[in-house]
Every structure is written in C-alpha cells, then in structure tokens.
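# Predicted structure and sequence below. I'll ask about it afterward.
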Amino acid sequence: MSLFSIILIIVSSAFSTESDLPDNSSGCLTDELYGDFTVEEYNNLVKRRKNVSEFMNKNLHRNEEEILYVPVVFHNYYEIIDGTPSRSFCDYKSGNNETGDYDDKNDPGICINRAENALEILNQQFATVQMRFIPPTDTSLVVEDIKGNGTLFIYNENWADIRKNNNINNVLNIYIDYCIGRKNKDTGNLECGTVGAWTLFPDKISSTVPHGIAVKHSAFPGINDNSTGIIAHEIGHMFTLRHLYHISVPKNDDGLYEVDYSNFQRELVSGDECNSRGDLICDTPGQPLLNVDDTFDQENCIYHGFGGEYVTTTNTLKIGGSDQTGTYNSDYFEINTDIICNSNQDDIGDFWGTRGIPDSCFLSNQEEYSTECLDTLYNFLPIAANFLQWTTVMNACLNEQDVGFTPEQLVNIRNSIELDYTACSLSIQEGVCNSGLSTRSNIPPSDLFLTGESSCRFPCAMDGGCLITDSEYQSDFSQYDCDGNSLSVNQNIIPNFFGINNIYPNPFNPTTTIRYGLNQNAIIQISIYDIDGRLIIKLINEFQIAGYHYITWDASSYSSGIYFLNMSAGETFETKKMVLIK
C-alpha cells in the first residue's frame, strides 16, 4: 500500500451554507465554510508564523523534542433500519456515496483494524515533529453513533449539531459517514457530494461549536488502497495551516467572487514577506491560485505555469509567459479576481518558480515562455507533493518517497497543538492567569488534548492580573510579556537587553515568577539574598541560550521580609528588591 498516495475527492461543485460555490473551487470544503479569517486572527497567525520561522532559522529548537501524544476517537456514524445496521463503516466494502457496497454484519473488529491502520499512517506522517496519535485511555478507539430523526448523512447544516451531540471531551474526534453532502438550494433536497472530508479552523471553535473532522468511507485512509492523506490534510487545517493556493472567496454585490485586494496579499516569487502573504509559510513557494492543475506537468510532477512545458527528453523546463493565463471563470470578478488568481506572475511581475535561477535562463521575449533552462536550476518551484496543494495535483504526485508536509508546516502544526490545544498545567497560585486553558480564550477545556506549560500565560503587574481589556493580548497571550512587549513562541526571539524583565507578583506569598531576557548565550546565575546580604538560595547556575526565560521561586519555607534578586553573567549583573508577605 502506498503510504502517501492520495485520493482526495475533488469538489466539482463545492458549496457553502448560503449558496453554491463556483465550479472552479478549491476542492476543500473546510476552506470554503471556515476559511474567512478575521483581521485579528490573520494578524495572530502572521505573528506565529514569523516567530516559528525565526525559531527554525536560528536553529534554537532542541534536537530531541518532547513527544506530543494526541488521543483520537473515531465515530462510526450510521443508521439502523428495521433492526439492521445500514451503511456502517465496519460493513463498508467498496464504492462511493449511495452506490457503495456494504455488508450487514457490523463487525466492530473490522472498524478497530481500520482505525488502528489510520493511526499508524498518521504517526508515520507526523513522526519528524515527535507527534503520536494514540487510542484514548477511557473509551474505545471506535465508538458507535446511531443516527436519528431521519438523518441521512453529514451535511453542512447538521454538521455543528452532530459534533455538539456526540463530542467526546479531550480527544481528537473524527466522524465517519458514507457521505458528506449538501442541501440543494433550489429543491431543498439532500444530495451526496463529492467532498471527502472537512473540519474547522481553531478560531471557529467554542463551547457551543466543538472541533471535529468528518471523513467519508470511500476516502478513509487505507481503504481500498487509496487516500492515505485526507485526515492529515484536515489536521493541517485544524492546526492553523492554509492551502498553498489560499484565496478568500467572498461575493460582491453583483454575486461574483471577488478578492478584496486591499486586504489580500499573494506571495512574492522572491520569498519576501512570506510569513504575511499567501499561506504564511516560507518553505512553500508562491504559485497561481486558480486552475492550479493546469500549471503542473502532473505526469512528471513539476511546475511549469500556465502555457509552460517540461521536455522530458532534455530535462528542460519552460515556464509560461506573461500572455499565458488560466481559464477565466464567469463566477469570478474578472478584472480583479481572475487576473490575480490566473496569472503566471506575482504582484511585482516576477514569474512563479523563477527565484534564484541564472539570468541566462530568462528569455528576451517573455510573452509565450518566460524562461528555458535545465530543471536542476530551478530551486524554488511550487510544490506538487504536498497535503495542502490543489487536490488533483496532490493526488497525482504524492508517493511513498514524499513527505506530505514541509518542515515549516510541520513545526507550525506542533506549535498550534502546544498553544491552542494544550491546557496550562500551572495553577493561579503559581502566577498564571489561564490555568486549565490554552492561549485561545475561545477553545473550551473540553476541546483540549494535552496539559503542559507551553500554553501558560502570565499576568501583568496590574489590578485584575491579565490584560483583560486588551483584545490583541487576549487573542494570543503567549506573544506578550507582562509589560505588553511582544515575545516569541517558546522564548525564541533574542531581546536587545540583558536583565530582569519582571517579577510578579511582588509583594508575593509564597510564590513569584521571575521573567528575564538574555541578549546572548551565557552562563547565568540567579540568586536570592536576604536583607543582611546572606545567600539564601541559588535558583539558576547554568548555560542558557539567548532569548526570554522565566523561573518561579517558591518561598514557602522562608519568613516574611525583604529579599534581593541578583542576576549575573560574567561581569554583568542586575539586582531587584522582592517583598515576601505571609
């Protein structure tokens, strides 16, 4: 079985809750239903992406990261008719939607074997970032959810209620049905669609809208030796990833899909501002946004742009020129969206995929073809074999030798788990203001998978603790220190100072948190002295890398009084007063 060969079901007529989407849609309903990010969420993602990118570029990450264990439950969502199971996942044999071939034994062992195989596939796909998907400890890996009230299948208008009624706390919930469909806007009838799976982004989760991934039988990983990446694709979305061809799809007053160009930035061929444009990931080069399947030689899985050509006999790649475009779609606002999405060039006129190639590769007349060179000279071509690529291209090009995510995509997924889906394990008494919660105030404790300190946020020295009136601070508390200064994820941005940043609370009883910054790698000593200058305790005496750090002092065994905190590195030091009141 090919671990990375994908058969993601293509959306020939995707849909939203209000109306049909254009025929030339992205092929991913998650993006169509839940991909409209607010300005606040977009800015939040940009900050995270930049921090993660700098984190990776500075090689400050540990070689051996802690393994993140994410528990998973698969929901077998089926109907019982006259006492007999109808279209249970355990009975699925072959076919698609209503024409699928099913048994009627409902053998739970078959479901368990299929679910275990899916976990094995996921664990191979995410192994490089130390992530493991595991069965839950207090329930079965596969649970039965019986349909009621005439429910035929999962579709856009009942999806929220299905999650709300069947959600199991603190596990990744994956719902399996024979069809993911829609309600026809003209007839009102329910129709099976060609969507293989969907989920929602973390900013859309709430106490009344729990998370969840839906996948249909024919698209389930490993079924019929197909589709091993569809759940990985949706996990990418659930943990903040966007498509390589990301484009918003709101309608204008004339009913046409139109990009608000003032708020939408395509990636640049140069890679500049890659964390604030397009998919916000720097190791996924920019590309066209519509008709993407026309821009790749799918037999050889290489990008050539609209009207381009790859000559296999000479390994010569000719990228399409300025006169070559994708097919304009009548559902789009042509002057704006089609030109933006169907062009071989970015906003400043550079041709996709040409970053870093020799000047000799560029043609003097660039109307038909822009370049002509050996394929080995193109080092920044759009990626065909990626879980977030256009569906038909991804299907044709992912194979066993490929990894479906880039390194930066994978690190951002792990980063989202550590911040968005991890409950802070520290208590309020230990100085945090989100004990039991993640960095996102919208995600309830029931939708968190892990516990740890990665998501803990610390209060500022002010009445009420956290910056409860600062919406930017609330959107991602991990990005700011107690003075409101922007910090990095996992303390990876190097400050421009050496010293103690904050002691809070102060006065304290009996614990306080000391936050400090290092502008270079050094051997650090942090010690506590009493009012008479006697050394009470040495908190830190070790080599630390440049960045932001913190440590908590528990003074429960010491008497009330004035103490002095001394932080030193070589001949540089700083001292601050602390007051313990019991």
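Cool, the structure landed.
# and the closest residue to residue 360 other than its chain neighbours, what is it in contact with?
Among residues not flanking residue 360 along the chain, residue 373 sits closest, at 7.6 Å (Cβ to Cβ, 6 or more residues apart in numbering). Yep, even glycine has a C-beta here, placed from its N, CA and C like the rest. Contacts for residue 373 (Cβ atoms under 8 Å, 6 or more residues apart in numbering) come out as 316-317, 357-358, 360-361.
# Please list all residues in contact with residue 297.
So residue 297 contacts 303-304, 309-310 (Cβ under 8 Å, 6+ apart).
# tell me the pLDDT at residue 402?
Listed pLDDT for residue 402 reads 68.
# Next: residue 536.
With respect to pLDDT, residue 536 has a value of 94.
# who touches it in this structure?
So residue 536 contacts 527-530, 558, 563 (Cβ under 8 Å, 6+ apart).
# repeat that with 10 Å
Contact analysis of residue 536 by Cβ atoms under 10 Å, 6 or more residues apart in numbering lists 527-530, 553, 555, 557-558, 563-564.
# Remind me which helix or strand it belongs to.
Assigning secondary structure by DSSP states H and E places residue 536 in strand 535-544.
# Which other helices and strands does the helix or strand just after that strand contact?
As assigned by DSSP H and E, the chain's next helix or strand after strand 535-544 is strand 547-554. Applying 3 or more Cβ pairs under 10 Å, 6 or more residues apart in numbering; DSSP states H and E, one finds that strand 547-554 contacts strand 499-504, strand 511-518, strand 522-530, strand 535-544.
# what about residue 194, is that helix, strand or coil?
coil (DSSP: H, G, I helix; E, B strand; the rest coil).
# any idea how far residue 554 is from it?
In this view, residue 194 and residue 554 are 59 Å apart by Cβ to Cβ, to the nearest Å.
# Between those two, tell me which one has more neighbours.
residue 194 (18 against 12; other Cβ atoms under 10 Å).
# beta partners of the closest residue to residue 552 other than its chain neighbours?
Counting by Cβ to Cβ, 6+ apart, residue 513 is the residue found nearest to residue 552 once chain neighbours are left out, at 5.0 Å. Under DSSP bridges, the beta-bridge partners of residue 513 are residue 504, residue 552.
# Isn't residue 513 up against residue 539?
No. Judged on Cβ atoms under 10 Å, residue 513 makes no contact with residue 539 at a distance of 11.5 Å.
# Common neighbours of these two, please.
551-553.
# from those residues, which is closest to residue 439?
Nearest to residue 439 out of the shared contacts of residue 513 and residue 539 is residue 552 (Cβ to Cβ; 18.9 Å).
# my guess is that closest one contacts residue 511, does it?
Yes. Using Cβ under 10 Å, residue 552 makes contact with residue 511 at a distance of 5.8 Å.
# before we move on, back to that, kindly calculate the angle that the strand holding residue 536 makes with strand 511-518.
For strand 535-544 against strand 511-518, the angle by axes from the mean of the first three to the mean of the last three Cα atoms, to 10 degrees is 40 degrees.
# Could you tell me how far strand 535-544 lies from the centre of the chain?
Centroid separation for strand 535-544 versus its chain: 38 Å, with Cα atoms, centre = their mean, to the nearest Å.
# do stretch 38-58 as well
Centre-to-centre, stretch 38-58 and its host chain are 11 Å apart (Cα atoms, centre = their mean).
# Also stretch 364-380?
33 Å.
# try stretch 338-354
Stretch 338-354 sits 26 Å away from the centroid of its parent chain (Cα atoms, centre = their mean).
# where do the strands sit along the stretch 51-200 of the chain?
Using DSSP state E, counting those that start in this stretch, the strands assigned to the stretch 51-200 of the chain run over residues 68-81, 84-86, 92-94, 101-102, 131-134, 142-146, 154-155, 172-177, 180-183, 190-192, 197-198.
# Where does the prediction get shaky in the stretch 201-350 of the chain?
224-227, 249, 262 (pLDDT under 70).
# Please enumerate the helices of it.
230-238, 339-341 (DSSP state H, counting those that start in this stretch).
# among these, which is the most enclosed?
helix 230-238 (a mean of 26; mean count of other Cβ atoms under 10 Å).
# Could you tell me the angle between that one and strand 172-177?
Using the same axes, to 10 degrees: helix 230-238 against strand 172-177 is 130 degrees.
# CA atoms only: put helix 230-238 into CSV for me.
Listed next in CSV are the C-alpha coordinates belonging to helix 230-238 (Å, rounded to 0.1, in the frame of the first residue of the first chain):
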residue,chain,number,x,y,z
ILE,A,230,-7.0,13.1,3.7
ILE,A,231,-7.0,13.2,7.5
ALA,A,232,-3.5,14.7,7.5
HIS,A,233,-4.9,17.4,5.2
GLU,A,234,-7.7,18.2,7.6
ILE,A,235,-5.4,18.0,10.7
GLY,A,236,-3.3,20.7,8.9
HIS,A,237,-6.4,23.0,8.8
MET,A,238,-7.4,22.2,12.3
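# Just want the angle from that helix to strand 68-81.
Using the same axes, to 10 degrees: helix 230-238 against strand 68-81 is 120 degrees.
# By mean pLDDT, which helix or strand of this structure comes out lowest?
Ranking every helix and strand in the chain by mean pLDDT, DSSP states H and E puts helix 471-475 at the bottom, with a mean of 43.
# Relative to residue 423, which of the helices and strands packed on strand 547-554 is closest?
strand 511-518 (18.5 Å).
# What average pLDDT does that closest one get?
pLDDT averaged over strand 511-518 gives 87.
# what's the answer for stretch 427-445, then?
Rounded mean pLDDT across stretch 427-445 is 81.
# Just the buried positions in it, please.
Neighbour-count burial for stretch 427-445, counted by 16 or more other Cβ atoms under 10 Å, picks out 430-435, 437-440, 442-444.
# Can you show me the CA trace of it as PDB?
Provided in PDB are the C-alpha atoms of stretch 427-445 (Å, rounded to 0.1, in the frame of the first residue of the first chain):
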ATOM      1  CA  SER A 427      -2.100  27.000  38.900                       C
ATOM      2  CA  ILE A 428      -3.200  30.600  39.600                       C
ATOM      3  CA  GLN A 429      -1.100  30.400  42.700                       C
ATOM      4  CA  GLU A 430       1.900  29.800  40.500                       C
ATOM      5  CA  GLY A 431       1.400  33.000  38.700                       C
ATOM      6  CA  VAL A 432      -0.600  32.100  35.600                       C
ATOM      7  CA  CYS A 433      -3.900  33.600  34.600                       C
ATOM      8  CA  ASN A 434      -5.100  30.800  32.300                       C
ATOM      9  CA  SER A 435      -4.800  27.700  34.500                       C
ATOM     10  CA  GLY A 436      -6.500  24.800  32.700                       C
ATOM     11  CA  LEU A 437      -7.000  26.800  29.500                       C
ATOM     12  CA  SER A 438      -5.000  27.200  26.300                       C
ATOM     13  CA  THR A 439      -3.800  30.500  24.800                       C
ATOM     14  CA  ARG A 440      -7.100  30.800  22.900                       C
ATOM     15  CA  SER A 441      -9.900  32.000  25.000                       C
ATOM     16  CA  ASN A 442     -12.500  30.700  22.600                       C
ATOM     17  CA  ILE A 443     -11.500  27.000  22.900                       C
ATOM     18  CA  PRO A 444     -13.100  25.400  26.000                       C
ATOM     19  CA  PRO A 445     -11.300  22.900  28.300                       C
END
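# before we move on, back to that, quick one: which two of the contacts of residue 536 are the most distant?
Longest span within these, Cβ to Cβ: 557 and 564, 17.8 Å.
# out of the two, which sits in the more crowded spot?
residue 564 (15 against 8).
# Excluding chain neighbours, give the residue nearest to that one in space.
In this structure, residue 564 finds its nearest non-sequential neighbour in residue 529, 4.7 Å apart by Cβ to Cβ, 6+ apart.
# In this structure the one you found contacts residue 565, no?
Yes. With contact defined as Cβ under 10 Å, residue 529 reaches residue 565; the gap is 8.2 Å.
# shared neighbours, these two?
575, 578.
# Looking at these two now, which is surrounded by more residues?
A count of neighbours by other Cβ under 10 Å puts residue 565 above the other of residue 529 and residue 565, at 21 against 17.
# isn't the more buried one right up against residue 512?
Yes. The criterion here is Cβ under 10 Å, and residue 565 meets it with residue 512 at 9.3 Å.
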